[in-house]
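**Student:** Structure of the sequence below:
(chains A and B)
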Amino acid sequence: MNRYLSTVGLYARSSLYKILLITLVTALLAGALVYYYPVGQEANAYYVDPDGNRMPYTYTEPYLDGVIGISRAPVVCAVGFTAIVAVMCLTGCGYGVKTDYTVRRLRVREKTACMLWAGYHAALLLFFWAVLALTLYGVMLLHCQQVKVPDGYVLESGPQTIMLLCYTDTFLHHLVPLQDVAMWGLSVSSVLAVAFTTVLFSYRQRHGSFSPLVLLALGGTIGSFFCSLGENTNFLLMLLLLGVAGASFCILIGGDDNAA
Amino acid sequence: MIELKNVSKKYGKTKAVKEISITLPQGQIIGLFGENGAGKTTLLKCILGLLSHEGTVTLDGAPITEKNIERLSFATCEHSFFPALSPKGHRDFYQAHFPRFNDKRFQALMKFFELPMDKPLRAFSAGMKNQFEVVMALSQGADYILMDEPFAGNDVFNREDFYKVLLGILEEHETVLLSTHLLEEVKDFISRAVLLNKGELVGDCTVEELEAQGKDLMTYVKETYHYRNDRVSRALSDLTGEEG
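**Tutor:** Numbering: from 1, shown residues only, chains lettered A, B, ... in the order given. Here you go, the predicted structure:
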């Protein structure tokens, strides 16, 4: 196997199944919380049958605005995200042993290995993001389709319903920013910041020191994804996260492989 | 051949290794001896590039970098494995990363030490961890196998049996540089002794040279370190007040 792929494989063997499991459990819990949250309210209306008669019927009108937030799904997602960051940080630390002796004897330089591992972390974070986005989007779609109408009639929720939800629900908007370029920027900054700071954390631990930058990345991401912030605050957070990602990258690239 | 030229290492103002120049050709089992703090571990780490140092270390004339580091392996009592991975996980990684990984030797040594394949390393006992560290160093497919007190804490039967197995499995091109205090145990297995004292190289002699001089390894070591034979009797005499 390629020496670069095998270096990624070293991390994957330690963390992949744990992160996939956390992602799955988080998505299931968050999806269930939103799905089972009572979102409908009964409403009465009339429809016109083929003979031209106005017929009364009762239906469940979905009331979806802010449902994700009220259902506490973002809290579950924040806990799952923190668990993933913890797994990423601890992979490669090797407490009680000198894992760095092996890392520094690999056929790739330690800083190259760190870049590969940051890429691996970024891919896993994107996967976590995609799974949550699909799950919550899918659950909201199911809610929209639960409108009861008389037999033979189909009342379809238009794509506008979901699109509007993607803009009105803070959490869903962060997961699916659609055409909100600023939000894409913030989300990508979060991914970069977490990917680099988690690798920097284990790098520093292997070399006997501590990097607090991961706490900034974690706090900034949770703050931006899971809380409703103003545009200016979001922009400042994006700058902070980009700064944290850039600083971590520079430390990793500039790190002295031969440091004692 | 590994060649060290004027290798020195300072920790603050303390010189841990002082201008050591030595060559390690292929096909030798070399014992690296010295008391605590003599500089054995520091020297091994300088060879591996784990510590910045003065002087040069070359492998067949080239500096040791990620391009040729695979020709060196390391077993240390500090342990360098990944605690969350099982032996099987380590084997899969080493197989993928080190093209010359010797799976046959890995399987044989795992069987010899009776180590489980699927348990994470963090669940191993201290002795089993030492054994696994040695298994990986010997299986990597390296030409130069550096060992730093690999069996600290292991029972004497395991150690003796292992040295016998080591002699049987090593190929002609493989060199073992073994740092240990257990001189008595390894005296029959090594082909050369390198002696350090307070960071300085104070002795370097092959078994053939010793035989030619009519000396055994223990005598050579005691002479080099100016061992005083009356040390024990004088201490007892001082303690008990009786004549030695």
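
**Student:** For the stretch 51-200 of chain A, just list every one of the strands.
**Tutor:** Taking DSSP state E, counting those that start in this stretch, the strands of the stretch 51-200 of chain A run over residues A:54-62.

**Student:** for residue A:46, what are its contacts?
**Tutor:** A:54-57 (C-beta atoms under 8 Å, 6 or more residues apart in numbering or on different chains). C-betas here are computed from N, CA, C, even on glycine.

**Student:** 7 Å instead?
**Tutor:** Residue A:46 makes contacts with A:54-56, as judged by C-beta atoms under 7 Å, 6 or more residues apart in numbering or on different chains.

**Student:** Could you list the low-pLDDT ranges of chain A?
**Tutor:** Of all residues in chain A, those with pLDDT under 70 make up the ranges A:1, A:40-41, A:60-62, A:146-159, A:226-229, A:255-260.

**Student:** now the lengthiest helix in it, how far from the chain's geometric center?
**Tutor:** Ranked by residue count under DSSP state H, the longest helix found in chain A is helix A:110-144. Relative to its parent chain, helix A:110-144 has a centroid offset of 6 Å by C-alpha atoms, centre = their mean, to the nearest Å.

**Student:** elements contacting it?
**Tutor:** In terms of contacts (3 or more C-beta pairs under 7 Å, 6 or more residues apart in numbering or on different chains; DSSP states H and E), helix A:110-144 is packed against helix A:3-35, helix A:73-90, helix A:159-168, helix A:170-175, helix A:181-206, helix A:231-254.

**Student:** Could you look up the SS state of residue 44?
**Tutor:** I'll assume chain A. strand (DSSP: H, G, I helix; E, B strand; the rest coil).

**Student:** wait, I meant chain B there
**Tutor:** In three-state terms, and counting by three-state DSSP, residue B:44 is helix.

**Student:** separation between it and residue B:159?
**Tutor:** Using C-beta to C-beta, to the nearest Å, residue B:44 is found at 19 Å from residue B:159.

**Student:** So between those two, which is more surrounded?
**Tutor:** Remark: of residue B:44 and residue B:159, residue B:44 carries more neighbours, 21 against 17, as counted by other C-beta atoms under 10 Å in any protein chain shown.

**Student:** what's near enough to touch the more buried one?
**Tutor:** Contacts for residue B:44 (C-beta under 7 Å, 6+ apart) come out as B:146, B:148, B:179.

**Student:** just to revisit the earlier point, filter the contacts of residue A:46 down to the ones close to chain B.
**Tutor:** With C-beta under 7 Å from any C-beta of the partner chain as the criterion, no member of those is in contact with chain B.

**Student:** Now residue B:58. Its backbone dihedrals?
**Tutor:** Phi and psi for residue B:58, reported as degrees, to the nearest 10, are phi -120, psi 150.

**Student:** ok, what's across the strand from it?
**Tutor:** Judged by DSSP bridges, the bridge partners of residue B:58 are residue B:3, residue B:63.

**Student:** For residue A:78, see how far away it is.
**Tutor:** Applying C-beta to C-beta, the value for residue B:58 to residue A:78 is 53 Å.

**Student:** So for the two, which residue has more residues nearby?
**Tutor:** Neighbours per residue, other C-beta under 10 Å: of residue B:58 and residue A:78, the larger number sits with residue A:78, 18 against 15.

**Student:** you'd agree that one is up against residue A:222?
**Tutor:** Yes - between residue A:78 and residue A:222 there is a contact under C-beta atoms under 7 Å: 5.2 Å.

**Student:** What residues does the stretch 51-200 of chain A have near chain B?
**Tutor:** Neighbours of chain B within the stretch 51-200 of chain A, by C-beta under 7 Å from any C-beta: A:94, A:96-99, A:101-102, A:104-109.

**Student:** Including distance to residue B:197, could the helices and strands packed on helix A:110-144 go into a markdown table?
**Tutor:** A markdown table is the format used below for those (distance: least, C-beta to C-beta, whole Å):
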| stretch | distance to residue B:197 |
| --- | --- |
| helix A:3-35 | 39 |
| helix A:73-90 | 41 |
| helix A:159-168 | 73 |
| helix A:170-175 | 65 |
| helix A:181-206 | 32 |
| helix A:231-254 | 38 |
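
**Student:** So which of those is nearest residue B:94?
**Tutor:** helix A:3-35 (8.9 Å; C-beta to C-beta).

**Student:** What is that closest one packed up against?
**Tutor:** Contact analysis of helix A:3-35 by 3+ C-beta pairs under 7 Å, 6+ apart lists helix A:73-90, helix A:110-144, helix B:87-97 as its packing neighbours.

**Student:** what about the last one, near chain A?
**Tutor:** Yes - under the criterion of C-beta under 7 Å from any C-beta, helix B:87-97 makes contact with chain A via B:89, B:92-93, B:96-97.

**Student:** Which positions in that helix come out as buried?
**Tutor:** Neighbour counts over helix B:87-97 (16 or more other C-beta atoms under 10 Å in any protein chain shown) mark B:87, B:89-97 as buried.

**Student:** for stretch A:87-100, same thing?
**Tutor:** Under the neighbour-count criterion of 16+ other C-beta under 10 Å, stretch A:87-100 has A:87-94, A:97-100 buried.

**Student:** which parts of chain B sit against chain A?
**Tutor:** Proximity of chain B to chain A (C-beta under 7 Å from any C-beta) is limited to residues B:48-52, B:66, B:69-70, B:72, B:74, B:76, B:78-85, B:89, B:92-93, B:96-97.

**Student:** what do you get if the cut-off is 8 Å, keeping everything else the same?
**Tutor:** Contact residues, chain B versus chain A (C-beta under 8 Å from any C-beta of the partner chain): B:48-52, B:66-67, B:69-70, B:72-74, B:76, B:78-85, B:89, B:92-93, B:96-98, B:122.

**Student:** JSON lines please, covering the buried residues of helix B:87-97 and showing distance to residue A:141.
**Tutor:** Below are those laid out as JSON lines (distance: C-beta to C-beta, whole Å):
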{"residue": "B:87", "distance to residue A:141": "47"}
{"residue": "B:89", "distance to residue A:141": "40"}
{"residue": "B:90", "distance to residue A:141": "45"}
{"residue": "B:91", "distance to residue A:141": "46"}
{"residue": "B:92", "distance to residue A:141": "41"}
{"residue": "B:93", "distance to residue A:141": "42"}
{"residue": "B:94", "distance to residue A:141": "47"}
{"residue": "B:95", "distance to residue A:141": "45"}
{"residue": "B:96", "distance to residue A:141": "42"}
{"residue": "B:97", "distance to residue A:141": "45"}
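
**Student:** Closest to residue A:30 out of the residues you listed?
**Tutor:** Closest approach to residue A:30 among the buried residues of helix B:87-97 (C-beta to C-beta): residue B:89, at 30.8 Å.

**Student:** Burial check on the residue nearest to residue A:12 when sequence neighbours are not counted, number of neighbours?
**Tutor:** Spatially, and ignoring its direct neighbours in sequence, residue A:12 is nearest to residue A:120 (6.7 Å; C-beta to C-beta, 6 or more residues apart in numbering or on different chains). Neighbours of residue A:120 under the rule other C-beta under 10 Å: 23.
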